[in-house]
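K.L.:
sequence and predicted model, in that order:
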Amino acid sequence: MERNIPSKTQDTSPQTGFEKIINFFNNDLETNHPIAIAEVVDKTGFSWSFVKKTLKKLKEAEYCGFHFEKSGNTWIVWKDRDKILPKMDDTCSRFLQ
């Protein structure tokens, strides 16, 4: 008896929490519209500590177009472009120096 096992594709494979937060920023967050972490928590369903830890990872990985900083007593995030992307090391701009 032969069973067909569907291959995993990007559409059918489950997303990680990290990927879900990236997708939230790329698809749901307005450009140049800062929001508090609490709003990210409400809209994604993840815990405050998970969201903050994930946002720190994004900042350390130097994603282009992503900003995360403390303002007063709250942490805020925003994007300054349509999609946030990981910073590429191998680009032409490295030759400008």
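P.N.:
Done, it's in.
K.L.:
can you count the residues close to the nearest residue to Phe66 once chain neighbours are set aside?
P.N.:
Nearest in space to Phe66, with sequence neighbours left out and distances taken as CB to CB, 6 or more residues apart in numbering, is Ile84 at 4.3 Å. Yep, even glycine has a C-beta here, placed from its N, CA and C like the rest. With neighbours defined by other CB atoms under 10 Å, the count for Ile84 comes to 17.
K.L.:
spell out for me which residue occupies the centre of this structure.
P.N.:
When CA atoms, centre = their mean is applied to the chain, the residue found nearest the centroid is Ile22 (2.6 Å).
K.L.:
buried stuff in the helix or strand hosting that one?
P.N.:
Per DSSP states H and E: Ile22 is located in helix 17-27. Residues of helix 17-27 classed as buried: Ile21, Ile22, Phe25 (neighbour count, 16 or more other CB atoms under 10 Å).
K.L.:
can you pull out the helices in this protein?
P.N.:
Counting by DSSP state H, the chain forms helices over residues 17-27, 37-44, 48-60, given from the N-terminal end onward.
K.L.:
which pLDDT does the model give Gln10?
P.N.:
In this model, Gln10 is scored at 55, pLDDT.
K.L.:
with Lys79 instead?
P.N.:
92.
K.L.:
please begin residue numbering at 59 from this point
P.N.:
Renumbered: residue one is now 59, and that last one reads Lys137.
K.L.:
what sits closest to it if chain neighbours are left out?
P.N.:
Of all residues beyond its chain neighbours, the one nearest Lys137 is Gly123 (5.0 Å), with distances taken as CB to CB, 6+ apart.
K.L.:
likewise for Arg139?
P.N.:
What sits nearest to Arg139 in space, not counting adjacent residues and going by CB to CB, 6+ apart, is Gly123, at 3.7 Å.
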